[in-house]
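Enquirer: quick one, fold the following:
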Amino acid sequence: MNLSQIILRPVLTEKSVSQEIKNKFSFVIHEDATKIDVKNALHELYGVAVAKVNILWGLPKYRLGKNKNPMEKRECTRRAIVTLKAGEKLDISKVSTPSKAKTATATK
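Expert: Numbering: from 1, shown residues only. From the prediction side, this is the model:
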């Protein structure tokens, strides 16, 4: 697996942004990535030293639709909470997120 395919995008929620003070950052990762893969990808792509990696699954969320058929509202994701070593900094605005769709340009 390519190192650029391991980290898909950062998680920017209120809770994850507040953890940046403690040098903890959250990322959505590929479902086959291991802790060692995440650690190596962050070191190679962003040049930071990683102290600890925790991986968790975000469960899908369902709601009942028409005739009580379940509809998926949120899909299953795999996230990594990465703790950086003391003195290391990571600017989350520099972390690139791949765009799923091309942006349309307005024509006059």
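Enquirer: which element is encountered next along the chain beyond the strand or helix carrying R9?
Expert: For R9, the element it lies in under DSSP states H and E is strand 7-10. Next in sequence after strand 7-10, counting helices and strands by DSSP H and E, comes helix 14-18.
Enquirer: contacts for that next one?
Expert: Among residues not part of helix 14-18, those counted as contacts by CB atoms under 8 Å, 6 or more residues apart in numbering are P10, K24, F25, S26, I92. In this view, the C-beta of every residue, glycine as well, is placed from N, C-alpha and C.
Enquirer: how far does that helix sit from its chain's centre?
Expert: 13 Å (CA atoms, centre = their mean, to the nearest Å).
Enquirer: tell me what the helix or strand following it is packed against?
Expert: Using DSSP H and E, the helix or strand that follows helix 14-18 in sequence is strand 24-29. If contacts are counted by 3 or more CB pairs under 8 Å, 6 or more residues apart in numbering; DSSP states H and E, strand 24-29 sits against strand 7-10, helix 14-18, strand 77-84.
Enquirer: just put these in TSV and tack on distance to K35 and mean neighbour count.
Expert: Listed next are the helices and strands packed on strand 24-29 as TSV, based on distance: least, CB to CB, whole Å; neighbours: other CB atoms under 10 Å:
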stretch	distance to K35	mean neighbour count
strand 7-10	13	18
helix 14-18	18	11
strand 77-84	8	19
